[in-house]
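>>> I'll drop the sequence and a predicted model, then ask my questions.
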Amino acid sequence: MIAALALAMAGLLSAGSAFAADGRDAAQGAAQHAAKDRPPLRHGDVSYTFGIGAFTPSYTLPAAGSYELPTIDTVADHAVVDSSGKETTLSKVIGNRLAVVSFIYGTCGEATGCPMSTAVLHRLDAKLAADPAIARDVALVTVSFDPARDTPERLAEMQKQRASGSSWQFVTARDEAALRPLLDDFGQSVSRLRYADGTWTGVYRHVLKVFLLDRDARVRNVYSVGFLHTDLVLNDLETLRLEKPR
Amino acid sequence: MHTNRLIPRHAFAMSCALLLAAAFGAHADETCMSPFMPKLTGQEDYVYVWTLGVEGLGDGSDKLVTVGANPKSPDYGKVVSSTSVGGRHEAHHGGFTDDRRQLWLAGLDDGAIFVFDVAADPAKPKLVKTITSFEKDTELAGPHGFYALPGRMLVPGLSNAKDRDGRTGIAEYGNDGKFVRMSWMPKDAPYGYDARVQPRLNRMLTSSFTGWKNYMRPLGELMGDAEAMKNFGNAMVVWDFHARKPLQVLEVPGAPLEIRWALQPDHNYAFTASALTSKLWLVEAAKDGTFKATAVADIGDPSKTPLPVDISLSADDRFLFVATFMEGKVRVFDVSDPHHPKVVHEQVIGRQVNMVSQSWDGERVYFTSSLLANWDKTGEDNEQFIKGYRWDGKTLAPLFAIDFNAAKLGRPHHMHFGQKSFYANQVEAVPAT
């Protein structure tokens, strides 16, 4: 049985328009949201309900390789900035490997949002580190959609938490203009939560999604709040490793 | 695969001959939305009604009608907008994508799929894409519903493109509209209808109805065809959801339609209603992981063929609303003890009623009237409406009603909820204390 993993079924969502194209945002909004005359955000302002209670998976996984993971989509290459500040591309970061790609922002405070996906990737990272044969085949990539606050320095801090010997990479885009096509390509909508006067609260709404890519940049699975856990992702990775080349 | 029992295809011919207005419900209430999709937990501003066009009535086309549902708005209980898709496709069911930005709607006749953008202007959803390749993509016919999965849509079929009989399967499309895959129903349970997932258990349940040859025929003609009446589903299938593999066939005689998984964390069961036998069924998981289906209550008097169609379960798993088409009635069962449901309220909604959708808080309940174009009642009994009610735990108090005949809109069927603040991404004003 899969170890019980309690994941509250409330999580961040993206409801509105994809990344707003108003360039004033990131830094400006981050400063404004700290204004002391603002009412505190309530839980319901930030998160939306997916279900009731905790999500505790309780089932036996189908054997790796006993099922198919059809292609859901194919993603193009996109420019990113890595934790050293170097401009590179997503495909260069991944290389000729399978990939698990998550989208987060570093200041997300919603336990079942970005911290949850990062926690799952940490567990995945630890398990991969314990199995070098699989680890060689898998790239873990976390993309921040908050380039103004998640600077390369901050990404480097996050990256320090990875397992010993891990290749887990934290990246972002140069700016929002560079980020937008990447998010659109993955179907990862992200919106800013604003006060009534239009000022950004500093909080993003987005549907929590983690993507499984094969070596040809094909999306082979997408995990969200109700179906994201380490053993399932590992099982799917093993299923892709067992596939014959197409 | 473990099969409880093979079910004779003709098992229900006799009862079908009586009622045969088989059932079509839907899955639009907020409490039965996909667990992979965010819910509207507050007051809905709009009810989106997927409406069948009627020749000679208005423009005659299928259309998405937006109805104001917020009592604080001047458009409350009125038609806010209406967007025709052109032509009649047997408009039936729909569903939001996992981010709730798009509403996909299907026609059961030709398989056309209409994708509306709801996010840009929730008061007036815009048709942004039409998928006309469903039959070619999938070998199926009659896309029955849309169930949001991460990054894609699950689309259970009712029929197949080869002989348009009842054998069918479940298709998947990416959110971008590209076909992903199709899984046939198992050979010993070939019919399809609803498909719903309990991710906690990695289990999907499917139910069964009938094929294009039957659901597109005039009801009276169909009822007189004894051979055709044999071709209805009598089973549910338990699937390994992740592997998309059928594990178990459950005998559920009489066209089990809508499936409602319980929502509370420890409740490993679901309900369905069999249209032709008028039974409420409990489908529950045993400790060994297998499922069993048990008829736990009659819905009205089965000998009078009330024809249960849509059902709606409250978020606390206490109340189950069951609409019966022929009676035009809703019964509310207290299902706190799922093995012993008790009717706590019943009320006539109209001369015919099909779909029932409740808000997440269970306080507002909406009904629409149309089943299928060729199966709706005729003459004065052919009322076509949406009606809103307030549920206080004991009774349903009318809030508003719109006559879709008088408004020249058509036959209202599937409902979905919309909310302005959801798409505005704006913190609502906090009342002064």
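Alright, I've got the coordinates.
>>> Next SSE downstream of the helix or strand containing B:H414?
Element membership for B:H414, per DSSP states H and E: strand B:411-418. Using DSSP H and E, the next helix or strand after strand B:411-418 towards the C-terminus is helix B:420-424.
>>> Give me the helices and strands touching that next one, please.
With contacts defined as 3 or more Cβ pairs under 8 Å, 6 or more residues apart in numbering or on different chains; DSSP states H and E, helix B:420-424 has no helix or strand neighbours. Just so you know, the C-beta spots here come from the backbone N, C-alpha and C atoms, and that holds for glycine as well.
>>> related to what we said a few turns ago, could you pull up the mean pLDDT of the strand holding B:H414?
Mean pLDDT, strand B:411-418: 98.
>>> Is chain A within reach of it?
No: using Cβ under 8 Å from any Cβ of the partner chain, we find that strand B:411-418 stays clear of chain A, coming within 10.8 Å at best.
>>> wait, what's in contact with residue 211?
Chain wasn't specified; assuming chain A. By Cβ atoms under 8 Å, 6 or more residues apart in numbering or on different chains, the contact list for A:F211 reads A:75, A:99-102, A:186, A:219, A:221-223, B:151.
>>> think we crossed wires, I meant chain B
B:141-142, B:158-160, B:164-168, B:191, B:231.
>>> Give the residue spans of the stretch 201-350 of chain B that score low on pLDDT.
Across the stretch 201-350 of chain B, nothing is flagged by pLDDT under 70.
>>> sorry, back to before: in JSON lines: the contacts of A:F211, plus secondary structure.
Listed next are the contacts of A:F211 as JSON lines, based on DSSP: H, G, I helix; E, B strand; the rest coil:
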{"residue": "A:V75", "secondary structure": "coil"}
{"residue": "A:A99", "secondary structure": "strand"}
{"residue": "A:V100", "secondary structure": "strand"}
{"residue": "A:V101", "secondary structure": "strand"}
{"residue": "A:S102", "secondary structure": "strand"}
{"residue": "A:F186", "secondary structure": "helix"}
{"residue": "A:V219", "secondary structure": "strand"}
{"residue": "A:N221", "secondary structure": "strand"}
{"residue": "A:V222", "secondary structure": "strand"}
{"residue": "A:Y223", "secondary structure": "strand"}
{"residue": "B:G151", "secondary structure": "coil"}
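>>> Drop anything exposed from those residues.
Using 16 or more other Cβ atoms under 10 Å in any protein chain shown as the burial test, the contacts of A:F211 include A:75, A:99-102, A:186, A:219, A:221-223, B:151 as buried.
>>> and the residues you listed as a markdown table, adding distance to B:I113?
Below are these laid out as a markdown table (distance: Cβ to Cβ, whole Å):
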| residue | distance to B:I113 |
| --- | --- |
| A:V75 | 24 |
| A:A99 | 31 |
| A:V100 | 31 |
| A:V101 | 29 |
| A:S102 | 30 |
| A:F186 | 23 |
| A:V219 | 21 |
| A:N221 | 23 |
| A:V222 | 20 |
| A:Y223 | 25 |
| B:G151 | 17 |
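>>> and these as JSON lines, adding distance to B:A270 and pLDDT?
As requested, these are exported to JSON lines (distance: Cβ to Cβ, whole Å; pLDDT from 0 to 100):
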{"residue": "A:V75", "distance to B:A270": "36", "pLDDT": "98"}
{"residue": "A:A99", "distance to B:A270": "36", "pLDDT": "98"}
{"residue": "A:V100", "distance to B:A270": "32", "pLDDT": "98"}
{"residue": "A:V101", "distance to B:A270": "34", "pLDDT": "98"}
{"residue": "A:S102", "distance to B:A270": "32", "pLDDT": "97"}
{"residue": "A:F186", "distance to B:A270": "33", "pLDDT": "97"}
{"residue": "A:V219", "distance to B:A270": "30", "pLDDT": "98"}
{"residue": "A:N221", "distance to B:A270": "25", "pLDDT": "98"}
{"residue": "A:V222", "distance to B:A270": "25", "pLDDT": "97"}
{"residue": "A:Y223", "distance to B:A270": "23", "pLDDT": "95"}
{"residue": "B:G151", "distance to B:A270": "25", "pLDDT": "95"}
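>>> Closest one of those residues to B:S359?
Using Cβ to Cβ, B:G151 comes nearest to B:S359 of the buried ones among the contacts of A:F211, at 27.2 Å.
>>> Give me the distance between that closest one and A:V143.
Distance of B:G151 to A:V143, computed by Cβ to Cβ, to the nearest Å: 16 Å.
>>> which residues sit in contact with the closest residue to A:S164 other than its chain neighbours?
Nearest residue to A:S164 in three dimensions, chain neighbours excluded: A:A129, at 6.4 Å (Cβ to Cβ, 6 or more residues apart in numbering or on different chains). Listed by Cβ under 8 Å, 6+ apart, the contact set of A:A129 reads A:135, A:163-166.
>>> Those, buried ones only, as a ChimeraX selection?
Per 16+ other Cβ under 10 Å, the buried members of the contacts of A:A129 correspond to this ChimeraX selection:
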select /A:135,163,166
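>>> out of the contacts of A:A129, which are inside helices?
Cross-referencing these against helices under DSSP state H gives A:A135.
>>> What ranges does chain B have for its helices?
B:13-19, B:134-138, B:212-215, B:219-223, B:420-424.
>>> residues near the residue lying closest to A:L234 once chain neighbours are set aside, how many?
In space, and not counting its chain neighbours, A:L234 is closest to A:K127: 6.1 Å by Cβ to Cβ, 6+ apart. Residues lying near A:K127 (other Cβ atoms under 10 Å in any protein chain shown) number 17.
>>> Restricted to strands, list the contacts of A:A129.
Using DSSP state E, no member of the contacts of A:A129 falls within strands.
>>> low pLDDT regions in chain A?
A:1-37, A:43-44, A:46-48, A:54, A:246.
>>> send the alpha carbons of the longest helix seen in it over as PDB?
In chain A, with assignment by DSSP H, the single longest helix is helix A:114-129. Provided in PDB are the C-alpha atoms of helix A:114-129 (Å, rounded to 0.1, in the frame of the first residue of the first chain):
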ATOM      1  CA  CYS A 114       3.500  25.100  -3.700                       C
ATOM      2  CA  PRO A 115       4.800  23.800  -0.400                       C
ATOM      3  CA  MET A 116       3.000  20.500  -1.000                       C
ATOM      4  CA  SER A 117       4.400  20.000  -4.500                       C
ATOM      5  CA  THR A 118       7.900  20.900  -3.300                       C
ATOM      6  CA  ALA A 119       7.500  18.500  -0.400                       C
ATOM      7  CA  VAL A 120       6.600  15.700  -2.800                       C
ATOM      8  CA  LEU A 121       9.500  16.600  -5.000                       C
ATOM      9  CA  HIS A 122      11.800  16.500  -2.000                       C
ATOM     10  CA  ARG A 123      10.700  13.000  -1.200                       C
ATOM     11  CA  LEU A 124      11.100  12.100  -4.800                       C
ATOM     12  CA  ASP A 125      14.500  13.600  -4.800                       C
ATOM     13  CA  ALA A 126      15.500  11.600  -1.800                       C
ATOM     14  CA  LYS A 127      14.300   8.300  -3.300                       C
ATOM     15  CA  LEU A 128      16.100   9.100  -6.600                       C
ATOM     16  CA  ALA A 129      19.300   9.900  -4.700                       C
END
